[in-house]
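Novice: from the sequence below, what's the structure:
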Amino acid sequence: MRIFVFFLLAIVLHSCIAPIDGKTNATLVRTITPSYAKGFQIDEMSDSSTRITLFNLEKPSEKLQVIQWKNSPLTSIACLSTTHIAFLDKLGKIDILKAVGFTELVKNKHAVEKIQDGSIINLTVGHDTDDEKLYAANPQLFFVYPFGGGSYQKYLDKGIGVVQISEYLENHPLGRAEWIKVFGVLLNRREEADRIFSEIELRYNAFASMVKDKTIDQPTVFTGSYDSGNWFAPPGNSFAAHLLKDAGARYIYADSLSSGNLVIPFESMIKTTFETDFCGKIIHSNEAVTVEKMLEGDERLMNIKAFKENNLFYCNTNECDYHGDAIMEPEFMLADLIAIFNPGMVGEHIPKYFKKIQSK
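Specialist: Coordinates of the predicted model:
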């Protein structure tokens, strides 16, 4: 069973990697601080180069990586995470993507086409990167996620620039999408990246305002996953909690603060969620998602109000690109949730990521 955490992972970040393209003696002209993201900062330098500082989101005061970048034409890149593909696709750069990790999980239609015709190769065997395949692809840049504390020096020694993308640790939905600005600088699509993000921000905030500007009853919501006698739920400072808040819901653990999932004994969860209006879950299923699927064989959940009234919602990662395109479509996720909690508020809405289980 997948835990409903929106990529909220506990990770150990390793030490700062050497800058790409070396150092510069140029002076700072202007600093561009992102509006929502906390993991990066962009500095314009006097020699027309750009300095990208990536921060350790586990310890925000620490720098993870500093990249000194001059507009260099890129013809070959690789990425380790399926989420990176969403940024590349929005910027029209799938054509230079030569290798990607976990191709079996890729759902982006443009990337799938190139995987099928052999233009994009698979970089991973199980959970590990196949270094020989990476070296054969010979990318100029390799986008990775700083998970597990491994060293990327061996790639730098081969002349492959490494960029650590940690959008999955951002707690604001727009903060994750805002990482397109980093890709925009590196792919020489900066103005386009700014425009794309501004349009996403406008649509997202328009949906959020629909809820804020109306007097509505805020439904209470629980979301989590069960394993070995405990429930695991995202804390109140998580991506999931922020998304639920913007959708006009009251997440029952909104007041909790944690760097990882909350661990809740089953009996405690039942007491807390007894009168909860809605329950939701991330699921990967080849079959239709039903109440029985949400119960996972534990009939005790039927004591919860949301189950009694069939107010259950889900995201089936087998039928939507939740681990990819959704990064760049937070407004669609938000609209889905608003439509579930407040039917009719967003008009005739066709859900893309989150769906409500239909009554029997």
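Novice: helices along the stretch 151-300 of the chain, start to end?
Specialist: 153-157, 173-177, 180-186, 190-212, 239-246, 266-273, 291-295 (DSSP state H, counting those that start in this stretch).
Novice: which residue ranges form the strands in the stretch 1-150 of the chain?
Specialist: When assigned using DSSP state E, counting those that start in this stretch, the strands of the stretch 1-150 of the chain occupy the ranges 28-32, 40-45, 50-55, 63-69, 77-79, 97-100, 121-122, 124-125, 128-129, 141-144.
Novice: hmm, who's touching the first one?
Specialist: Right, the one you point to is strand 28-32. Identification of contacts with strand 28-32 by C-beta atoms under 8 Å, 6 or more residues apart in numbering yields 41-46, 51, 181. Where you see a C-beta, it was placed from the backbone N, CA and C, and this is true even at glycine.
Novice: pull up the pairing partners for it, direction included.
Specialist: When pairing is defined by DSSP bridges, strand 28-32 lines up against strand 40-45 (antiparallel).
Novice: the strand it pairs with: which residues count as buried?
Specialist: Residues of strand 40-45 classed as buried: 40-43, 45 (neighbour count, 16 or more other C-beta atoms under 10 Å).
Novice: of these, just say which sits nearest to residue 352.
Specialist: Among those, residue 40 lies closest to residue 352 (C-beta to C-beta), at 27.4 Å.
Novice: which residues does the closest one contact?
Specialist: Contacts for residue 40 were tallied using C-beta under 8 Å, 6+ apart; they are 34, 52-55, 179, 181-182.
Novice: mean pLDDT per helix and strand in this protein: which one sits at the bottom?
Specialist: Every helix and strand in the chain was compared by mean pLDDT, DSSP states H and E; the lowest is strand 225-227, with a mean of 79.
Novice: low-confidence bits of the chain, can you list those?
Specialist: 1-23, 147-150, 213, 215-216, 297, 359-360 (pLDDT under 70).
Novice: what's the domain layout of it?
Specialist: As assigned by automatic domain parsing, the chain contains the domains 70-201, 214-356.
Novice: related to what we said a few turns ago, strand partners of the least confident helix or strand of the chain, parallel vs antiparallel please.
Specialist: Strand 225-227 is paired, per DSSP bridges, with strand 230-233 (antiparallel).
Novice: who's in contact with the partner strand?
Specialist: Under the criterion C-beta under 8 Å, 6+ apart, residues 3-5, 222-226, 253, 261-266, 269 lie in contact with strand 230-233.
Novice: likewise for stretch 344-360?
Specialist: Outside stretch 344-360, the residues touching it (C-beta under 8 Å, 6+ apart) are 207, 210-211, 214, 280, 289-291, 294, 310-316, 320, 322, 326, 329, 332-333, 335-340.
Novice: so what's residue 208 closest to, chain neighbours aside?
Specialist: Residue nearest to residue 208 in three dimensions, not counting chain neighbours: residue 246, with 4.5 Å by C-beta to C-beta, 6 or more residues apart in numbering.
Novice: okay, now the one you found: neighbour count?
Specialist: When neighbours are counted by other C-beta atoms under 10 Å, residue 246 registers 23.
Novice: any idea how far it is from residue 239?
Specialist: Distance from residue 246 to residue 239, counting by C-beta to C-beta, to the nearest Å: 11 Å.
Novice: overlap in contacts, these two.
Specialist: With C-beta under 8 Å, 6+ apart, residue 246 and residue 239 have common neighbours residue 173.
Novice: circling back to that earlier point, do you know which of the helices of the stretch 151-300 of the chain lies nearest residue 84?
Specialist: With respect to residue 84, and counting by C-beta to C-beta, the nearest of the helices of the stretch 151-300 of the chain is helix 180-186 at 8.0 Å.
Novice: just checking, what packs against the closest one?
Specialist: strand 40-45, strand 50-55, strand 63-69, helix 82-90, helix 190-212 (3 or more C-beta pairs under 8 Å, 6 or more residues apart in numbering; DSSP states H and E).
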